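>>> What follows is a predicted protein model with its sequence.
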Amino acid sequence: MTGVVGLYRPGTSVVHRLPAGVKLAGLAVVGAVSVMVGTPVRAAALVACVLAGYAVARLPLSLLWASVRPLLWVAVPLGVFQVVVAGWDRAAVVVGVLLALVLLANLVTLTTRTTDLIDVVVGLARRLRFTGVDPERVGLLLSLGIRSVPLVLELAGEVREAQHARGRGASARAFAVPLIVGALRRADEMGDALAARGFDD
Amino acid sequence: MLIEVSGVTHTYAGRREPVVRDLDVRLEEHRIGVIGANGSGKSTFARMLNGLVVPSEGTVSVEGRDTRRHGREVRRDVGFCFTDPDSQIVMPTVAEDVAFGLRRRGLSKAEVAARVEDVLRAHGLAQHADHAAHLLSGGQKQLLALTSVLVTEPRLLVMDEPTTLLDLRNTRMVADLVARLPQQVVLVTHDLDLVAGFDRVLVFDESRLVHDGAPAGALRHYRELMS
């Protein structure tokens, strides 16, 4: 299996050295102000700024393409739909903003250790303790979510290979059942492993 | 560490037959092997040693602490290594996974970083510190899983078939590592070579402990059972 998009790539650039909290706050601010991007020129400027961030972080072009490629499944149909119902200008804005936000989110995770991101989230969750939120549990949830992505992809690959080996090419049921059973079994084992490593409450 | 298993029988919820029955054993040797056929109860026995499984009847205590009442304290001293490292690795990168076990130890960031660096260097994983854990080879993943346990400095290490998914080279690597560990080790395995030099070997069959003694006699007994 190849690498998972958005996984931390070590580096020493300015972007890498920025505190995780600053990067997350920047992402939130850009996300909020993106609703004010109303013209294709502004959308293009936003995308250009994000691409400049990749250049400053000295991330390879292959990573940029790996970030964009999965997005095409959403961006292309969305763009076509927008062209039909709202015209070229609106389509360029919507697709441009979507592209910029996803690339920016990827830039944050590519240049920030997961533990640093989790520490920020745990820190924020601590302020919500009075509502009954357990900050460590929130952090654990986040890290397990990130860790589960390659595990489920790997499991899906194994199930697909087994399907092909048994000559059941395109059966959704034959794919879903072992995938769900396997994921649940893996979750159970991971629960045991967490308990064994001291996370047993 | 002294492990005392007294009058233990365990039946999993929803099952009629006990998976372990009438078990009484006292363990304090440095290297203890556990062998037996699939479904003989050896993995359940291993999980009882750190309180992951609490017996339906009887008690398991480690250094006088009952796993039923003091499970968390016992787990601080008893590390556990699973068969499939993918189930044990919970963080995306190697260094982060090793650091994960120290999150609740009350250590500063600098202390955690120093301990992680030391243990990665000691086990030959330093060059992989920032690598994605899921992209490591099977042997490297098992080494990472083991390192992530060892960083918490357990006094006893329980290993449940740690070499089952490994090739011969990686099996030897794990065997060499286990041989060098200062900790007491309880190793559950199907690989009889791994326990040949151990101090004591327990043989399980059909939910019971059927032989307990020196490796030579235990391995002979097991081979006769399987023939």
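Happy to help now that I have it. Residues are numbered from 1 along each chain as shown, chains lettered A, B, ... in the order given.

>>> When you work out contacts or count neighbours from here on, use the C-alpha atoms and nothing else.
Noted.

>>> Low-confidence regions, chain A specifically.
A:1-6, A:168-170, A:201 (pLDDT under 70).

>>> Could you name the helices and strands sitting against the helix or strand of chain B with the lowest mean pLDDT?
When the helices and strands of chain B are compared on mean pLDDT, DSSP states H and E, helix B:85-88 comes out lowest with a mean of 86. Counting contacts by 3 or more Cα pairs under 8 Å, 6 or more residues apart in numbering or on different chains; DSSP states H and E, helix B:85-88 is packed against helix A:172-196, helix B:138-150.

>>> what angle separates the strand or helix carrying B:L120 from helix B:138-150?
According to DSSP states H and E, B:L120 maps onto helix B:109-122. Put simply, helix B:109-122 runs at 140 degrees to helix B:138-150, going by axes from the mean of the first three to the mean of the last three Cα atoms, to 10 degrees.

>>> Pull out the buried residues from helix B:109-122.
Under the neighbour-count criterion of 16 or more other Cα atoms under 10 Å in any protein chain shown, helix B:109-122 has B:V112, B:A113, B:R115, B:V116, B:E117, B:V119, B:L120 buried.

>>> for the first one, what are its contacts?
Translated: B:V112. Neighbour list for B:V112: B:A99, B:L102 [criterion: Cα atoms under 8 Å, 6 or more residues apart in numbering or on different chains].

>>> ditto for the fifth one
Taking Cα under 8 Å, 6+ apart, we find B:E117 in contact with B:A95, B:A126.

>>> What pLDDT is listed against it?
Listed pLDDT for B:E117 reads 93.

>>> With the first one instead?
Listed pLDDT for B:V112 reads 91.

>>> What count of nearby residues applies to residue 36?
This is for chain A. 10 (other Cα atoms under 10 Å in any protein chain shown).

>>> To clarify, I was referring to chain B.
With other Cα under 10 Å as criterion, B:G36 counts 26.

>>> if I pick it, what's in contact with it?
Residues near B:G36 by Cα under 8 Å, 6+ apart: B:K42, B:T189, B:H190, B:V203, B:F204, B:D205, B:Y222.

>>> helix or strand right after the least confident helix or strand of chain B?
For helix B:85-88, the succeeding helix or strand toward the C-terminus, using DSSP H and E, is helix B:94-100.

>>> quick check: mean pLDDT across that following helix?
Here the average pLDDT along helix B:94-100 is 91.

>>> from the contacts of B:G36, which is closest to chain A?
B:K42 (16.4 Å; Cα to the nearest Cα).

>>> can you give me the helices for chain A?
A:14-17, A:20-33, A:40-56, A:61-68, A:72-86, A:88-110, A:114-126, A:135-165, A:172-196 (DSSP state H).

>>> what do you get for chain B?
Using DSSP H, helices in chain B cover B:42-48, B:71-77, B:85-88, B:94-100, B:109-122, B:138-150, B:168-180, B:192-195, B:215-226.

>>> Now the fourth one: buried residues?
Spelled out, it's helix B:94-100. B:V94, B:A95, B:E96, B:D97, B:V98, B:A99, B:F100.

>>> My read is that the second one contacts B:A132, right?
No. In terms of Cα atoms under 8 Å, B:A95 does not count as a neighbour of B:A132; the distance is 9.4 Å.

>>> Start and end of stretch A:67-78, how far apart?
End-to-end distance of stretch A:67-78 (Cα to Cα, to the nearest Å): 17 Å.

>>> Chain A - how does it break down into domains?
A:14-112, A:129-196 (automatic domain parsing).

>>> can you list those domains in JSON lines and add distance to B:M1?
Shown next, in JSON lines, are those (distance: least, Cα to Cα, whole Å):
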{"stretch": "domain A:14-112", "distance to B:M1": "41"}
{"stretch": "domain A:129-196", "distance to B:M1": "18"}
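
>>> and stretch A:101-118, anywhere near chain B?
Yes. Shown here: stretch A:101-118 in contact with chain B (Cα under 8 Å from any Cα of the partner chain) through A:T114, A:T115.

>>> can you list contacts of that stretch?
Identification of contacts with stretch A:101-118 by Cα under 8 Å, 6+ apart yields A:5-11, A:15-16, A:20-21, A:23-24, A:27, A:30-31, A:50, A:53-54, A:57, A:64, A:67-68, A:139, A:142-143, B:91-92, B:96.

>>> Let's see that with 6 Å instead.
A:G6, A:L7, A:Y8, A:R9, A:H16, A:A20, A:V50, A:G139 (Cα atoms under 6 Å, 6 or more residues apart in numbering or on different chains).

>>> If we check chain B, which of these are in contact?
Filtering the contacts of stretch A:101-118 for proximity to chain B (criterion: Cα under 6 Å from any Cα of the partner chain) leaves nothing.
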